[in-house]
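Peer 1: Predicted model and sequence below, questions to follow.
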Number of protein chains: 2
Amino acid sequence: MTGKLFAISTGPGCSDLLTIRAVNCLSALTILYAPAGRQGGTSLALSIVQPYLPDHIEIKLRHFPMTTNSLQKEHQWDAIAHEMAKDVDHDHLVGFISLGDSMLFSTWVNLLARLQNKIPIAIIPGITSFAYIASRCQIPLAMEQQSMAVISCTAPANEIESALVQHQSLILMKVTANFPLIKHLLIKHHLINHAVLVCNAALETEYIYHNIQTIDEQEKLSYFTTILINKLWQ
Amino acid sequence: MTGKLFAISTGPGCSDLLTIRAVNCLSALTILYAPAGRQGGTSLALSIVQPYLPDHIEIKLRHFPMTTNSLQKEHQWDAIAHEMAKDVDHDHLVGFISLGDSMLFSTWVNLLARLQNKIPIAIIPGITSFAYIASRCQIPLAMEQQSMAVISCTAPANEIESALVQHQSLILMKVTANFPLIKHLLIKHHLINHAVLVCNAALETEYIYHNIQTIDEQEKLSYFTTILINKLWQ
């Protein structure tokens, strides 16, 4: 049996932020699964890896519903996992691409939960959006004895607030879900001058706000909006 | 003026976990600064990038003292930053390599603090050791509304303990500094079966302990020892 499933992290958005290992892996695939946010939509992850795809690869665009309907999601994950396992059983080298890192806030984990220990799997790590943002904005993630928290802004407000108090360095992801609350908390805890907000990191539409105070609370921010806070860096 | 300083992240240890951008950058350098842990010692970071170095590059191995003597460290950082700035002023394309990601628990930040806004600087992000470990061990970093904390085990015990309670997912770095305490806390909070300990991640000497309970508290663990905990993953 030679089939195998590779979870390949694409990094945040620039094609040259893929690793050598990811590029080598892509070039050997026979089938690539790419996630599309909408039914019949395009895949951002696919556009990032496009320069490295071999000529005769079969692309399988698959829709992962963003709905809150858990049953619908689980049904779709089951179906895609089943299809991938069948391709691997037919000795294909199968890829699945994820934005950023495959193991951080990624749909891939739902497929892994279904396929782990059933078929051969390898996972290739990637540049997280926050590592990119720290380099891009020249603000360190954490130094010396500092601790860093990575928070989804879909979490309960009291959890977000206690993390803001406890840690010296913070990454707030999925900011759009809760921007008015986040802005309020940053002001309340005197963090707004230690924070930078980045929309669409590493994409052509990237936009960096160094002054979050000026962003209207009703502003329609991109789904890919992240805040980096480092209390000890000016 | 064409000189520039590039902070290049090497990732955790395998040469093929560098990004395409890092490899392209290395190939254009005229001078590369590489950190050595000991005076006259070798550089692990240098061995990782070796396959990508151009023929006529000048390598400057520089010693960064690990001492607790702050004055001695600051003096050394001042001297190296000064030397780098002079090389950039002489129109060199100068690199500095860091293990993992340059912006996370890295000596680079001390050079950045001295050189930011004084000379042209670009930073290239890298694969963090914990992203590598999550992929290697097939344990997710964080999912859905989970939050993740990255903690240095040199931090005060009460801070480590409250992070262990508060977050669903944790990365404990610099474990060697405090292993008996960490093992005690993992047992106390029933986390030991949700944790994996990795020494020398991505190096030839990599070693993974799935059962931390069995590690003797007096065991001499590598300086590069990291624990990944995910409370929601079996």
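Peer 2: Received, thanks. Residues are numbered from 1 along each chain as shown, chains lettered A, B, ... in the order given.
Peer 1: can you give me the helices for chain A?
Peer 2: For chain A, the helices defined by DSSP state H cover A:20-28, A:44-49, A:70-89, A:108-115, A:129-137, A:157-166, A:179-188.
Peer 1: Contact partners for the nearest residue to residue A:110 once chain neighbours are set aside?
Peer 2: Among residues not flanking residue A:110 along the chain, residue A:77 sits closest, at 4.6 Å (Cβ to Cβ, 6 or more residues apart in numbering or on different chains). From N, CA and C alone the C-beta is placed, and that goes for glycine too. Residue A:77 sits next to A:64, A:107, A:110-111, A:114 when contact means Cβ atoms under 8 Å, 6 or more residues apart in numbering or on different chains.
Peer 1: same thing with residue A:135?
Peer 2: Residue A:135 neighbours (Cβ under 8 Å, 6+ apart): B:7, B:9, B:101-103, B:123-125.
Peer 1: What about these, which are in strands?
Peer 2: Residues of these located in strands (DSSP state E): B:7, B:9, B:123-124.
Peer 1: Buried only: go through these for me.
Peer 2: Among the ones in strands among the contacts of residue A:135, the ones that count as buried by 16 or more other Cβ atoms under 10 Å in any protein chain shown are B:7, B:9, B:123-124.
Peer 1: show me which of these neighbour chain A.
Peer 2: Among these, the residues within reach of chain A (Cβ under 8 Å from any Cβ of the partner chain) are B:7, B:9, B:123-124.
Peer 1: Dump those residues to JSON lines, plus pLDDT.
Peer 2: As requested, those are exported to JSON lines (pLDDT from 0 to 100):
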{"residue": "B:7", "pLDDT": "98"}
{"residue": "B:9", "pLDDT": "98"}
{"residue": "B:123", "pLDDT": "98"}
{"residue": "B:124", "pLDDT": "98"}
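Peer 1: can you tell me which of the residues you listed lies nearest to chain A?
Peer 2: residue B:123 (3.8 Å; Cβ to the nearest Cβ).
Peer 1: Can you give me the pLDDT of residue A:81?
Peer 2: Looking at residue A:81, its pLDDT stands at 98.
Peer 1: ok, now residue A:66?
Peer 2: 76.
Peer 1: I'd like to know how many residues surround it.
Peer 2: 10 (other Cβ atoms under 10 Å in any protein chain shown).
Peer 1: And it, how far from residue B:217?
Peer 2: 46 Å (Cβ to Cβ, to the nearest Å).
Peer 1: repeat for residue A:125
Peer 2: Taking Cβ to Cβ, one finds residue A:125 at 30 Å from residue B:217.
Peer 1: More neighbours: the two, which one.
Peer 2: residue A:125 (31 against 10).
Peer 1: Find me the pLDDT at the more buried one, would you?
Peer 2: pLDDT at residue A:125 comes out at 98.
Peer 1: before we move on, what about residue A:1?
Peer 2: Residue A:1 carries a pLDDT value of 61.
Peer 1: what does the one 3 residues further on give?
Peer 2: You'll see residue A:4 listed with a pLDDT of 98.
Peer 1: got the contacts of residue A:135 as JSON lines, with distance to residue B:32 columns?
Peer 2: What follows is the contacts of residue A:135, written out as JSON lines (distance: Cβ to Cβ, whole Å):
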{"residue": "B:7", "distance to residue B:32": "12"}
{"residue": "B:9", "distance to residue B:32": "14"}
{"residue": "B:101", "distance to residue B:32": "18"}
{"residue": "B:102", "distance to residue B:32": "14"}
{"residue": "B:103", "distance to residue B:32": "19"}
{"residue": "B:123", "distance to residue B:32": "15"}
{"residue": "B:124", "distance to residue B:32": "13"}
{"residue": "B:125", "distance to residue B:32": "18"}
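Peer 1: just how off-centre is stretch A:106-115 within its chain?
Peer 2: 14 Å (Cα atoms, centre = their mean, to the nearest Å).
Peer 1: What residues of it count as buried?
Peer 2: Buried, per 16+ other Cβ under 10 Å, within stretch A:106-115: A:106-112, A:115.
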